[in-house]
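A.B. asks: sequence first, then the predicted structure:
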Amino acid sequence: MRAEKKFITDEIKSQVDSSPYLIVTDYTGLKVAQFNDLRSRLRTAGSQVRVVKNTFLARVLKDAGLPELDGALKGQTAIVFGDKDISAAAKLLKNFAAEFKLPSIKAGILDRSVLDSKQVLALADLPSREVLLGKILGLLQAPAGQLVRILNTPASQLAQVLKANAEKAQ
């Protein structure tokens, strides 16, 4: 492999290795201004998009020990990767595609498992990571709050009885 190709594949491999997910899209028909808009929207979600040659991506996936995406590596391919939440990136891609009818999602990889386009879109419908963590925290705090109320109830009732007796005695 020529030095230029090796440099490009090494760069893509380092980006793919540092990301917990990878979404493969087909950007055919997307204008440059739209692609730049997509790039800036993804940046706000902690993700990046990069145009790659299918042969380079196939080689990178093989070298990284990730599953092969042979059926998805056709046409013009761009990959989305990041260091944060896949559902945020998938949601952004879904909303962008609803707005501009492009790009189409081909496949994805999450924790070394292949996802088809329907599974990636299902991830887009999930609440954000912060919302899910808030719900879990609320579920964990609810029993403790109920316990405190139950423990405080007899004491407050006793105080009310004592106060009523004191007022009656006066």
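C.D. replies: Looks like it arrived, so ask away. Numbering: from 1, shown residues only.
A.B. asks: got the residue ranges for the helices in the protein?
C.D. replies: Per DSSP state H, the chain has helices spanning 3-17, 32-44, 54-64, 86-100, 117-124, 129-169. These are given in chain order.
A.B. asks: so which of these comes closest to T77?
C.D. replies: helix 54-64 (5.4 Å; Cβ to Cβ). Where C-beta positions appear, they are placed from N, C-alpha and C, glycine not excepted.
A.B. asks: quick check: domain ranges of this structure?
C.D. replies: Following automatic domain parsing, one finds the domains of the chain at 3-126, 127-170.
A.B. asks: list the buried ones in stretch 18-26?
C.D. replies: Within stretch 18-26, the residues that count as buried by 16 or more other Cβ atoms under 10 Å are S19, Y21, L22, I23, V24, T25, D26.
A.B. asks: show me the shaky parts of this protein.
C.D. replies: 1, 147, 150-151, 153-158 (pLDDT under 70).
A.B. asks: let's go with 90 and repeat that
C.D. replies: Residues of the chain that meet the criterion pLDDT under 90 lie in 1-10, 12-20, 29, 45-46, 54-56, 58-75, 82-89, 97-104, 110-117, 119-170.
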